[in-house]
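Undergrad: Test case, fold it:
(2 chains)
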Amino acid sequence: MITVELKQLITKACEQAGFSDVEVKLEHPDDLVNGDYASNVALMLAKQVGQAPKDVAEKIKTNFASNSLIKKIEVAGPGFLNFFLNDRFFTDRLKIILAQGDSYGQNKDVEGYKVMVEYTDPNPFKAFHIGHLMSNSIGEAISRIAEASGAEVKRACYQGDVGMHVAKALYGLKAGQNLMTAYAFGSKAYDENETAKAQIIEFNKKIYNRNDEEINKLYDGGRAESLEQFETIYQKLGTKFDFNFFESEVAGFGKELVEQNIDTVFTNSDGAVVYAGEKDGLHTRVFINSEGLPTYEAKELGLAKIKHDTYPYDYSIVVTANEITEYFKVLLAALKQIYPELAGKTRHVPHGMLRLPTGKMSSRTGEVITAESLIEEVKQKIATKVKEAKKESNLDDATLEQVAIGAIKYSILKQDITKDIIFDLEKSISFEGNSGPYLQYTYARTQSVLAKATTEGLMIDAAKVEVPGLVEKLLTRYPEIVYKAGENLAPHHLTTYLTELASAFNAYYASHKIVGGEAGGYRLALSAAVGQTLKNGLKLLGLATPERM
RNA sequence: GUCUCCGUAGUUCAAUGGAUAGAACAGGGGACUUCUAAGCCUCUAAUAUAGGUUCGAUUCCUAUCGGAGACACCA
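TA: Model prediction:
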């Protein structure tokens, strides 16, 4: 990468100037008049060597070895070193982008590492709601970014197919409710009716023990139907899980693990088995309840080991909403004592909550927006909008869905994943400006232009090359952005960048005629490179790139 | 009450301790007999408060105020 090269040159110049042990940092100045890259090494060094920052900068500048990459170096502001790269660097990059194609931007940061990413985690018998959509969008993006960084990624989904929520749903099913309404019905009964509560607790045991034929039948049917619904949604969203783990499969082993470590790791307390987290600055959590059943904590403990047996990961990433952040710390503390090597490889990536303006969503009360209904509603909105804007709509249903899902995913991925999203259908999902469809539209536009150019080839002839502007400069930064997104597990760096790139290209497009004319070949090559980069970036985010829209 | 995360234009979001805090939406104004107007150009508008560290703070530290989450048998 260019940044590595540049850093080496700076380090060398610093040494030549008599400054050693410098950590060189590079950044892109906000304004291109301050160069393509800037470094604050002189500012950092100034105090250490007792000289004025500007003098230090000048010394580094004069000791810079001449090379073909750099056009000029300026000392500016309080003591920044601003680097201007040769035009040739940017125009040559277009060739590289077109040659590398779909692989442009990939790196080898974590090459050879086996990574398991767990995300989405919906519960059978409960609705797949927009919260799951958030986890899925983030987890899928992280998986794809990890792949682009060289990792071998396996996607995992962990699903709660046993536990009180299932017992409540079964109570509802038994009372004649359907899968959509059963859970809320059972929850209500549990809270309001003592007899129902006792019955549900009884159901819960029967589910674990599988000793009641009627319950088994209801359970098996409901579970299968739920999983089938989830598959349909994953297909729409573009996720294919390599492994499905179920609480029913890990519960037994998890319970054993806890029981084997009573008195060493865990303690008995009021009939339950708990981990006293206070010694780690955390809080106490129950691992086996007083009914003798493993809680989510014990199951998760078993899951960690079973995951590793299934796929010997170097890193295990668990993507969930941040409401379980504290709980996960307790889990990791316990895991650290039982399987220290696994705890060290496990990383919890919490994301914000998706909340409604009225507050937190609650599947207990049935106050949820399902993923399915959101996608349909957004499709409707887009269809209406397109109909108003254009006389005829050539948008087929498949494209409409790609754009709708693109709008939804973008709205989730555009911000720092740790922050909550207050979800308001009217405001949260945008089709213009800073949005998924804006990027998809820009991509389609590049393809449309290329299709128009039937007689011209993509030429980057030295004689016809234009002076590189913002578009060319942004294009060269893409690999840095992928790297940064991977390093910080922060997909929003990509969305921000892609929107900047699309915006620069749209401005270029509005003021330059691309097809035909003197520089036609070059401009087409530029359009192709923008299209390729948008496509690669959108792919990492999990957004489709329709050719027309 | 204890712990964790968060407070940036009217709204939704950006900004590895750096230069004039950047977009989008909303609102005002505008261009186009041109390759996709889901587009382009332009104007108005923000770092919760008070201290501290630093050459330099939206960013780090402390306190206050405000919001969200967790705090034993749900997940």
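Undergrad: Going by C-alpha atoms from here, please, whenever you check contacts or count neighbours.
TA: Will do.
Undergrad: need the contact list for residue A:347.
TA: Residue A:347 makes contacts with A:315-318, as judged by CA atoms under 8 Å, 6 or more residues apart in numbering.
Undergrad: Check for me that it belongs to a strand.
TA: Yes - judged by DSSP: H, G, I helix; E, B strand; the rest coil, residue A:347 forms part of a strand.
Undergrad: Who does it form a beta bridge with?
TA: residue A:317 (DSSP bridges).
Undergrad: how much space between it and RNA strand B?
TA: 15 Å (CA to the nearest atom of the strand, to the nearest Å).
Undergrad: Roughly how far does that residue sit from residue A:328?
TA: In this view, residue A:347 and residue A:328 are 10 Å apart by CA to CA, to the nearest Å.
Undergrad: With residue A:446 instead?
TA: With CA to CA as the criterion, residue A:446 and residue A:328 are 45 Å apart.
Undergrad: Check residue A:341 too.
TA: 17 Å.
Undergrad: out of these two, which sits in the busier spot?
TA: residue A:328 (19 against 12; other CA atoms under 10 Å).
Undergrad: The more buried one sits in which helix or strand?
TA: helix A:325-338 (DSSP states H and E).
Undergrad: Show me where the stretch 351-500 of chain A dips below the pLDDT cut-off.
TA: Low-confidence segments of the stretch 351-500 of chain A (pLDDT under 70): A:359, A:391-394, A:454-463.
Undergrad: Am I right that residue A:305 sits in a helix?
TA: Yes - judged by three-state DSSP, residue A:305 forms part of a helix.
Undergrad: Now it: closest residue in space that isn't a chain neighbour?
TA: The shortest distance from residue A:305 to any residue other than its chain neighbours is 7.5 Å, reached at residue A:342 (CA to CA, 6 or more residues apart in numbering).
Undergrad: so how far is residue A:53 from the one you found?
TA: Using CA to CA, one gets 47 Å for the distance from residue A:342 to residue A:53.
Undergrad: ok, back up a step: got the contact list for the helix holding residue A:328?
TA: The contact list for helix A:325-338 (CA under 8 Å, 6+ apart) reads A:261, A:265, A:275, A:277, A:280, A:282-285, A:297, A:300-301, A:342-344, A:348, A:350.
Undergrad: Apply 7 Å and report the result again.
TA: If you take CA atoms under 7 Å, 6 or more residues apart in numbering as the criterion, helix A:325-338 is touched by A:265, A:277, A:282, A:297, A:301, A:343, A:350.
Undergrad: Run the angle between whichever strand or helix holds the last one and helix A:325-338 for me.
TA: By that I understand residue A:350. Using DSSP H and E, residue A:350 sits in strand A:346-351. Here strand A:346-351 points in a direction 180 degrees away from that of helix A:325-338 (axes from the mean of the first three to the mean of the last three CA atoms, to 10 degrees).
Undergrad: in strand A:346-351, what counts as buried?
TA: In terms of neighbour count (16 or more other CA atoms under 10 Å), strand A:346-351 has its buried residues at A:346-351.
Undergrad: Mind giving me the packing neighbours of the one helix or strand in chain A whose mean pLDDT sits lowest?
TA: For chain A, using mean pLDDT, DSSP states H and E, the weakest element among its helices and strands is helix A:425-428, scoring a mean of 81. Packed against helix A:425-428, as judged by 3 or more CA pairs under 7 Å, 6 or more residues apart in numbering; DSSP states H and E, are no other helices or strands.
Undergrad: next SSE after it?
TA: helix A:436-452.
Undergrad: who touches the longest helix along chain A?
TA: Counting residues, the longest helix found in chain A (DSSP state H) is helix A:213-237. Here helix A:213-237 makes contact (CA under 7 Å, 6+ apart) with A:124-125, A:170, A:210, A:240.
Undergrad: Now tabulate the residues you listed in CSV and tack on distance to RNA strand B, secondary structure and neighbour count.
TA: Converted to CSV, the contacts of helix A:213-237 look like this (distance: CA to the nearest atom of the strand, whole Å; DSSP: H, G, I helix; E, B strand; the rest coil; neighbours: other CA atoms under 10 Å):
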residue, distance to RNA strand B, secondary structure, neighbour count
A:124, 10, coil, 25
A:125, 12, coil, 29
A:170, 14, helix, 29
A:210, 16, coil, 15
A:240, 21, coil, 14
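Undergrad: Turn those into a markdown table, columns for pLDDT and distance to residue A:200.
TA: Shown next, in a markdown table, are the contacts of helix A:213-237 (pLDDT from 0 to 100; distance: CA to CA, whole Å):
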| residue | pLDDT | distance to residue A:200 |
| --- | --- | --- |
| A:124 | 94 | 17 |
| A:125 | 93 | 15 |
| A:170 | 94 | 8 |
| A:210 | 89 | 15 |
| A:240 | 97 | 34 |
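Undergrad: Tell me the one among those nearest to residue A:12.
TA: Of all these, residue A:12 sits closest to residue A:240, with 47.4 Å by CA to CA.
Undergrad: How much space separates the residue lying closest to the closest one once chain neighbours are set aside from residue A:380?
TA: Using CA to CA, 6+ apart and skipping residues adjacent in sequence, the residue nearest residue A:240 is residue A:234, 6.7 Å away. Here the criterion is CA to CA. By it, residue A:234 lies 21 Å from residue A:380.
Undergrad: out of the contacts of helix A:325-338, which are buried?
TA: Buried among the contacts of helix A:325-338 (16+ other CA under 10 Å): A:265, A:277, A:297, A:301, A:343, A:350.
Undergrad: Confirm that residue A:61 sits in a strand.
TA: No - Residue A:61: not assigned to a strand; according to three-state DSSP it is helix.
Undergrad: ok, and the closest non-adjacent residue to it?
TA: In space, and not counting its chain neighbours, residue A:61 is closest to residue A:73: 6.9 Å by CA to CA, 6+ apart.
Undergrad: so that neighbour, which of the three states?
TA: Residue A:73 - assigned by three-state DSSP - is strand.
Undergrad: got a list of what it touches?
TA: Contact analysis of residue A:73 by CA under 7 Å, 6+ apart lists A:61, A:81-84.
Undergrad: So which of these are in strands?
TA: Residues of these located in strands (DSSP state E): A:81-84.
Undergrad: restrict those residues to contacts with RNA strand B.
TA: With CA under 7 Å from any atom of the strand as the criterion, the ones in strands among the contacts of residue A:73 include A:81-82 near RNA strand B.
Undergrad: Give me the buried subset of the ones in strands among the contacts of residue A:73.
TA: A:81-84.
Undergrad: Using JSON lines, lay out those residues together with pLDDT.
TA: Rendered in JSON lines, the data for those read as follows (pLDDT from 0 to 100):
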{"residue": "A:81", "pLDDT": "95"}
{"residue": "A:82", "pLDDT": "96"}
{"residue": "A:83", "pLDDT": "96"}
{"residue": "A:84", "pLDDT": "95"}
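Undergrad: Let me know the closest of these to residue A:90.
TA: Using CA to CA, those come closest to residue A:90 at residue A:84, 11.2 Å.
Undergrad: Say whether RNA strand B is contacted by the least confident helix or strand of chain A.
TA: Yes - using CA under 7 Å from any atom of the strand, we find that helix A:425-428 touches RNA strand B at A:427-428.
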